[in-house]
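**Q** Here is a sequence together with a model predicted from it:
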Amino acid sequence: MSLQTLRVLEAFLENPTDELSGADVQKRSSLASGTLYPILLRLESAGWFVSRWEAIDPSSVGRPRRRLYRLTPSGLTRATEVFASFSFSRGVPT
Amino acid sequence: MSTSSWVDEFARWTIRHAAHRASQPLAERLEEEWLADLEARPDGWSRLLLGIGCCWAATVIVQEDIAPVVTAATTTGNKVMSSYASTNGSLVPQRTTALALIMGLHVVLFFAFATGLGPRMIRALPPAIIGTVLEAPKDPPAPPPVSKPTFRDPQFVIPEIIPLVDVPADTEATIHTTPAPVPTTETLPPPGPPQPVHRVLGNAGKGFPNSADYYPPSAIRMNETGIALVQVCVNSKGYLTGTPAIAKSSGSPRLDEGAVKLARAGSGHYRPTMENGQPVDSCFPLDINFTLK
């Protein structure tokens, strides 16, 4: 697992119940968009994440709806295991 | 159109173009998702970077054929996650490895040029060809104009005719002759006895090379020893005037060859032959002894 993937997981593990858009993850992980979006899709394909469209009315809010990602329960378990296997707590792999 | 709006339009166009490189259901999702994230970007520069990044992301997604299927992932999540974790198990991604290799190559090249590879290459380069334009030869100066010859009529002078006069002939002629010299025989004193010449033959002089230095290695390995007699011709200053030649062989062609080399190397270090105390040009035999200790 690459360091970039770990940084994405770390962004979600700050509050595992949060639903984050790609822009939010990018702010937390400081990854380039060319690296971030393939990782999000890979993790979603692998079942670590689920995603959905933001439930808003774009015309009333004045912006397009975002795609929101969230850790699945199994994804949360595996992400925790991965960090534990590296024997360090969150925040180290930068 | 202002610069920022132009950048926004370019970023949107880039995102649409990049998203539609993926397969159709995913392409529409990526376009909407990336355009929504584009709106969250504060300035034109970050939007432009997002557009460029999405191009790269689309390339990776298409190459890896990533197609998230949420429903399938929930049922077989553990299996897929395991395979994902095992295939992407390296802490260092491939792109980082390639970047490190490229940087290492640059460092090696910089080190090579800094330590003299550049000057050596420059020295190896052929010198520049400098062309010189030769001036065309000037026309030789025109000869002075030749005046046309003028012809004059020849003038013939007719000598006057002198009338002949009879002259009486001489009756006595007196002839004065000088007597011829009479050869005389001069008596030279008899030659005395030949003067004795005190002659000291030349030899190897000061600074003459040592025979051990010219002992052929092959002869040493074969334990060959002997004395070669080399005929040398030396001038009054101790320099060879001809090529040394073997006068008497040592019995070994290798030792003979070494002796000739030694005699040739000793040019300038010979003691010339002395005649009545004066150095003269001469040829003399020289003994060269090769012995093993």
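**A** Noted; the coordinates are in hand.

**Q** From residue A:11, how far off is residue B:209?
**A** Remark: distance between residue B:209 and residue A:11 (Cβ to Cβ, to the nearest Å) = 86 Å. The C-beta positions use only the backbone N, C-alpha and C, and glycine is treated the same way.

**Q** neighbour count winner among the two?
**A** For residue B:209 and residue A:11, the more surrounded residue by other Cβ atoms under 10 Å in any protein chain shown is residue A:11, and the numbers stand at 22 against 15.

**Q** Look up phi and psi at the closest residue to that one other than its chain neighbours.
**A** The spatial neighbour of residue A:11 that comes closest, neighbours along the chain excluded (Cβ to Cβ, 6 or more residues apart in numbering or on different chains), is residue A:28 at 3.7 Å. Residue A:28 adopts backbone torsions of phi -80, psi -40, taken as degrees, to the nearest 10.

**Q** contact partners of stretch B:237-253?
**A** Applying Cβ atoms under 8 Å, 6 or more residues apart in numbering or on different chains, the contact partners of stretch B:237-253 are B:202, B:205, B:219, B:224, B:226-235, B:256, B:259-260, B:263-264, B:267-272, B:279, B:281, B:283, B:285-286, B:290.

**Q** now stretch B:259-270
**A** Contacts with stretch B:259-270, where a contact means Cβ under 8 Å, 6+ apart, come from B:202-209, B:211, B:213-214, B:228, B:230, B:232, B:234, B:237-240, B:243-246, B:250, B:286, B:288, B:290.

**Q** From what I see, the residue nearest to residue A:11 and residue A:22 are in contact.
**A** No - Residue A:28 is not in contact with residue A:22 according to Cβ atoms under 8 Å; the separation is 11.0 Å.

**Q** Between these two, point out the one with more neighbours.
**A** Taking neighbours as other Cβ under 10 Å, residue A:28 and residue A:22 compare with residue A:22 leading, 24 against 15.

**Q** tell me the contacts of that one?
**A** By Cβ under 8 Å, 6+ apart, the contact set of residue A:22 is A:33, A:36, A:37, A:40, A:66, A:67, A:69, B:33, B:34, B:37.

**Q** Could you do residue A:80 as well?
**A** When the contact criterion is Cβ under 8 Å, 6+ apart, the partners of residue A:80 are residue A:13.

**Q** Let me see the backbone angles for residue A:68.
**A** Residue torsions, per degrees, to the nearest 10, at residue A:68 are phi -110, psi 140.

**Q** Could you give the bridge partners of it?
**A** Taking DSSP bridges as the rule, residue A:68 bridges to residue A:21, residue A:52.

**Q** mind listing what it touches?
**A** Counting by Cβ under 8 Å, 6+ apart, the residues that residue A:68 touches are A:19, A:20, A:21, A:51, A:52, A:53, A:54.

**Q** Mind picking the two most distant members of these?
**A** Longest distance between any two of the contacts of residue A:68 is 13.8 Å, between A:20 and A:53; criterion Cβ to Cβ.

**Q** And the two? Which one has more around it.
**A** residue A:20 (25 against 14).

**Q** Skipping adjacent residues, who's closest to the more buried one in space?
**A** The spatially closest residue to residue A:20, leaving aside those adjacent along the chain, is residue A:69, at 5.6 Å (Cβ to Cβ, 6+ apart).

**Q** Contacts only, for the one you found.
**A** A:12, A:19, A:20, A:21, A:22, A:25, A:40, A:44, A:49, A:50, A:51.

**Q** Kindly recompute the last result at 6 Å.
**A** Shown in contact with residue A:69 (Cβ atoms under 6 Å, 6 or more residues apart in numbering or on different chains): A:20, A:40, A:49, A:51.

**Q** so which of these comes closest to chain B?
**A** When those are compared for distance to chain B, the smallest value, 7.1 Å, is given by residue A:51; criterion: Cβ to the nearest Cβ.

**Q** Distance check, the closest residue to that closest one other than its chain neighbours against residue B:253.
**A** Distances taken as Cβ to Cβ, 6+ apart put residue A:69 closest to residue A:51, at 4.8 Å, once the chain neighbours are dropped. Residue A:69 sits 95 Å away from residue B:253, taking Cβ to Cβ as the criterion.

**Q** cool, residue B:36 as well?
**A** Residue B:36 is 99 Å from residue B:253, where distance means Cβ to Cβ.

**Q** same check, this time on residue B:101
**A** Using Cβ to Cβ, we find residue B:101 at a distance of 62 Å from residue B:253.

**Q** again, but for residue B:109
**A** 56 Å.

**Q** what does residue B:220 give?
**A** Separation of residue B:220 from residue B:253 (Cβ to Cβ) stands at 15 Å.

**Q** the helices in the chain, which residues?
**A** Since you didn't name a chain, this refers to chain A. In chain A, the segments counted as helices under DSSP state H are A:3-13, A:22-29, A:33-45, A:58-61, A:73-85.

**Q** if you could check chain B rather than the one you did, that'd help
**A** Taking DSSP H as the test, the helices found in chain B are B:3-19, B:24-40, B:44-64, B:70-75, B:77-87, B:94-112, B:118-124, B:217-221, B:253-265.
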